[in-house]
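Visitor: My questions are about this predicted structure, shown below with the sequence.
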Amino acid sequence: MDPIVVTATLGPKTTGESLSSVTVIDDKDLRLQQPKEFRELLESRPGVSVSRSGSFGKQTSVFVRGQASDASILLVDGIRIRSATVGGAAWQHLPPQLINRVEIVRGSRSSLYGSDAVGGVIQAFTLPQQEGRSAWLEAGGGNFDSQQYAAGAAFSNQASKLSIGMNQFRTDGAPVIRGGDDKSYNNTSGVASGSHQFDNGVRTGFTFLNAQGDSEYEGGEEDFVFQVAGVSLDVPITESWRTSLQFSDARDELEDFSSFPGVFNTQTRNSRIENWLTSGTHEFVLGAEYTVDQVDSSVVYDERSRSNSAFFGQALLNFGALDIHMSARNDDNEAYGTEQTWGAGVGYALNRNHRVRASVGTSFKAPSFNDLYYPGFGNPDLQPEEATSYELGIEGRYVRWFWDVAVFHSDVEDLSLPSQDAAGSVPEARLRGVEFSSGWSQNGWSLQAAASAGDYENKEDGRQLIRRAENTIRVDLDKETGTWVFGTTVRAESHRYDDLFMIGRERIAGYGIWDLRARKEMAPGWAASLTIGNVLDKEYATAKRFDNTDYISAGRTVFLAVRYDFGQ
């Protein structure tokens, strides 16, 4: 009940040893929940709230601990992807069908990852988690004329891992506003990733994931490309010194067909080196990275590229029951200058089952190309958003269950607002709250529960920050019995607000959702799965349009899929 995570400290640590608040979604969770969109994995997790402009591939924002959506980083196999123009990731286009694991790390991580790691870091992994070999075919369909087709193969042993696959998901969609027409979504994606460790300890790896398609929205349509590619090399220099290299290319491309058409293609190239040094039970990391963002757009920006060079270090010290983590980083960006960030954490194991932790850190979010250079809107003198964050946590981990409680507080200067309907920033914001998570597994039963209570406010007027739900709760319960697996998810989020141009602040009601799922192992290798989302067909919204109409959910969704695994 204490899984290994790598995102929190750059290397493998148990969740307890990482001294961080971490949620892990493994391959078993993914198989049980059968998500069609990546946001389904994140909604109502501890400290996480999701806002979207309709269902099925529509614009999605992910708020971690109340921070702006572009103030949390999305990684795919260690490669960061985002739009350099908007600043945030296109969360809606990452295909969960090609993902084998997700780690959600909450809290400041700029001292390791640089700009935008204010709320946290969410990393998706494509390589198989279990040893063995497999190949599969899958097809399914549901209401809204939704269809999915997938095929793939995976291989893993102690030395090598390989994953290849493709997935197509298309749907006629549902209206995104009341009285509107159905808005379709098509996403065709593929993945190829692998790694191999030689007898001398050298490990090489590669990753390629591409998703492309089109999405209709109220007033237009857009074509998109979501792509990451990278190669890595890990070399043991001595018994106590290991060097790793990664070279990557990430692309976020968008062509808009509306009354204001445009092309917004961005490319991020990154080179990163990490040197890991060990001394007894202590570990040290010294690293550097160089990043270049490029924009190719029909809009004429004053600048079309910028570079960022960074140096960082980390010390992971262990003194028996006491762990101390320290990290620091310096970023030098040709657009907005230099930023220094740091982080420190301490953890103490009260006994073999219980641990307390405390941490503090600084972070920043860089202004995007739109913030700096968009014609008639951008301000080239804009400075980064800066934050100081604190956390105190305690956890208990046992053979079959665990619990974790964390209290957090963050003071932010110039916190940015969502740019879809409202542009600007909050001079000073205070974000604080408490998170609880627990899990239990025994005799085929699996239970996961999470709850968050937050206070995300503008310090000047005390008003709640827009589009973030402050209180959330989620419970996942599954039962394996014979060749059947039955499961349910119940989750709820409190009200939120939206600020609309020329209208002002409007309240969006909270909601509760109930999902059901079932899976049946039929003949050898054959399985069928049924998912029913929003069983009670509740209409709800998490964002408003500029004219004060709600962006509504699709309502009840039903999907049946059949899968064949070769070699079983």
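Guide: That came in fine, so what should we check first?

Visitor: Could you check the helix or strand V558 falls within and say which residues are buried?
Guide: Take DSSP states H and E as the rule and V558 turns out to sit in strand 557-566. Using 16 or more other CB atoms under 10 Å as the test for burial, strand 557-566 gives T557, V558, F559, A561, R563, Y564. Placement of C-beta: from N, CA and C, glycine included.

Visitor: Identify the residues contacting the last one.
Guide: Looking back up the chat, that one is Y564. Neighbouring residues of Y564 by CB atoms under 8 Å, 6 or more residues apart in numbering: W136, L137, E138, G525, W526, A527.

Visitor: does the fourth one really touch L137, like I thought?
Guide: No: under the criterion of CB atoms under 8 Å, G525 lies out of contact with L137, with a separation of 10.0 Å.

Visitor: Break down the stretch 401-550 of the chain into its strands, ranges please.
Guide: For the stretch 401-550 of the chain, the strands defined by DSSP state E, counting those that start in this stretch cover 401-416, 425-442, 445-458, 471-481, 484-493, 496-500, 504-508, 511-521, 526-533, 541-544, 550-552.

Visitor: name the helices or strands packed onto the last one?
Guide: It refers to strand 550-552. Identification of packing neighbours for strand 550-552 by 3 or more CB pairs under 8 Å, 6 or more residues apart in numbering; DSSP states H and E yields strand 541-544.

Visitor: Work out the gap between the strand it packs on and the centre of the chain.
Guide: Chain-centre distance of strand 541-544: 20 Å, with CA atoms, centre = their mean, to the nearest Å.

Visitor: who touches that strand?
Guide: Strand 541-544 is contacted by residues 50-53, 61, 420-421, 467, 469, 493, 496, 498, 500, 506, 508-509, 550-553 when judged by CB under 8 Å, 6+ apart.

Visitor: just the buried members of these?
Guide: 50-53, 61, 420-421, 467, 469, 493, 496, 498, 500, 508, 550-553.

Visitor: pLDDT below threshold where in the protein?
Guide: 416-425, 567-568 (pLDDT under 70).

Visitor: mind running it again at 80?
Guide: 1, 259, 414-426, 501-502, 567-568 (pLDDT under 80).

Visitor: Who are the contact partners of the most centrally placed residue in it?
Guide: Nearest to the geometric centre of the chain sits I122, at 3.5 Å (CA atoms, centre = their mean). By CB under 8 Å, 6+ apart, the contact list for I122 reads L42, V62, V64, S72, I73, L74, L75, V102, E103, I104, V105.

Visitor: how about a cut-off of 6 Å?
Guide: L74, I104 (CB atoms under 6 Å, 6 or more residues apart in numbering).

Visitor: quick revisit: nearest to G201 among the contacts of Y564?
Guide: Closest approach to G201 among those (CB to CB): W136, at 32.5 Å.

Visitor: who's that closest one bridged to?
Guide: Beta-bridge partners recorded for W136 (DSSP bridges): G152, D565.

Visitor: count of residues packed around it?
Guide: 18 (other CB atoms under 10 Å).

Visitor: cool, and T472?
Guide: 25.

Visitor: In the biggest helix by length in the chain, which residues are buried?
Guide: As assigned by DSSP state H, the longest helix anywhere in the chain is helix 27-33. Within helix 27-33, the residues scored as buried using 16+ other CB under 10 Å are D27, D29, L30, L32, Q33.

Visitor: And the next helix or strand past it?
Guide: helix 39-42.
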